[in-house]
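> Everything below, folded, please.
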Amino acid sequence: MQDLNITLAHGNGGRLMRELIEEVFARHLGNDYLDTNADAVALPLNDAAGEMVITTDGFTVQPLEYPGGNIGSLAIHGTGNDLAVAGATPHYFTLNVFIEEGLEVEVLERVLAGMAAAAKALQVQIVAGDTKVVRRGEGGGLYLATTGVGTRQPGTRLAIDRIMCGDAVLVSGPIGDHGIAVMLAREQFGLRGELRSDEASVLPLTSALISLPGLRFMRDPTRGGLATVAHEIARGTGATVRLRQADIPVRDQVQSVCKMLGYDPYYLACEGRVVAVISPDNADEVLTLWKSLPEGKHAARIGSVETGPARVVLETELGGERFLEELEDDPLPRIC
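Take a look at the predicted model:
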């Protein structure tokens, strides 16, 4: 990493963020359990109790409230989803709250109510926390940091190194909803809309798959969206990830805003979707399972992993090909 100063792009999920994690954080903090390629890590327990899985995350979304959720519910869903795509069931969370001087108490009440409702639905408990207040102008109203602890069955192993050429890539629903919903909530560019964030727990989606022998890998496409997950797979396997534009579900509202403002839906954050890599023999079974669930009724098989250089190729609806490059800039700041 050659940058002398941190920029917003160091937190967007793309190349600069990857280099910051691998070349700075991991160099200082690396240990036997730190895995910079995973959203959650397994810690050894006795076989009867299963494996303990732990994850940590931070949330700086602006605005604090948007159609479909707020920063509080997002913190619960985001942390729980990182555990879920690692094959774990969430149990306990810790919470750190950084409040900017001047934040209205009513806003804080609504955020905490959203957090409490999400935690109750997910059946998790916030068991520890800390609160700090920063001076006016030194924060974005409210920042949250969480740690989540869950358990998974011994022997559960989901990892990029299990992916094989020929495996299918699936997504559990339309992409880009969260990114565009938050942007519309800012009422920038004179645009307004009724689109709701896809923010939700993905535990029903991941639990439905966890016992399938052909399941290789799962990830929730948050910062950097579908394209960034595809690049993660390409880098980790040294293979080509080929996606089919015609099969990728994108809502009309998302497409319209992207066309007007020049955004690319493949890079927009989702907060209630799962990207799964599965053996081709099990792909149809996964699609049937997901489509039987309310959370997965728009699931689709969108591509495959194939022999070739480590890159992401999009087959366009017109029959051409387009390379999806690794994310460099931050398209929408503070989406999650």
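
> domain parsing for the protein?
Domains of the chain are assigned by automatic domain parsing as 37-152, 160-323.

> now the helices for this protein?
Secondary structure of the chain by DSSP state H: the helices cover 15-20, 26-29, 71-84, 105-122, 177-185, 203-207, 225-237, 252-261, 283-291.

> give the contact list for Phe98.
Neighbouring residues of Phe98 by Cβ atoms under 8 Å, 6 or more residues apart in numbering: 132-134, 139, 142-145. No exception for glycine: its C-beta is placed from N, CA and C like everyone else's.

> swap in Asp57?
75, 78-79, 82, 145-146, 148.

> again with Val107
The contact partners of Val107, taken as Cβ under 8 Å, 6+ apart, are 64-65, 141-142.

> still on that earlier bit, okay if I get the contacts of Asp57 as a markdown table plus distance to Ala269, pLDDT and neighbour count?
As requested, the contacts of Asp57 are exported to a markdown table (distance: Cβ to Cβ, whole Å; pLDDT from 0 to 100; neighbours: other Cβ atoms under 10 Å):
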| residue | distance to Ala269 | pLDDT | neighbour count |
| --- | --- | --- | --- |
| Ala75 | 14 | 96 | 31 |
| Gly78 | 10 | 97 | 27 |
| Thr79 | 15 | 98 | 32 |
| Asp82 | 14 | 97 | 26 |
| Ala145 | 18 | 97 | 18 |
| Thr146 | 17 | 97 | 23 |
| Gly148 | 19 | 95 | 28 |
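
> quick one: which of those is nearest to Leu215?
Nearest to Leu215 among the contacts of Asp57, counting by Cβ to Cβ, is Asp82 at 17.1 Å.

> Contact partners for the closest one?
Contact partners of Asp82, counting by Cβ under 8 Å, 6+ apart, are 39-40, 55, 57, 148, 220.

> So it versus Asp252, what's the distance?
In this view, Asp82 and Asp252 are 30 Å apart by Cβ to Cβ, to the nearest Å.

> Repeat that for Gly166.
Distance, Gly166 to Asp252, by Cβ to Cβ: 33 Å.

> neighbour count winner among those two?
Gly166 (13 against 9; other Cβ atoms under 10 Å).

> For Thr237, see how far away that one is.
Counting by Cβ to Cβ - Gly166 and Thr237 are separated by 11 Å.

> who touches both of the two?
Common neighbours of Gly166 and Thr237 are listed as Val305 (criterion: Cβ under 8 Å, 6+ apart).

> Lys259: neighbour count?
Using other Cβ under 10 Å, Lys259 has 10 other residues around it.

> Since that was my last question, I'll sign off now.
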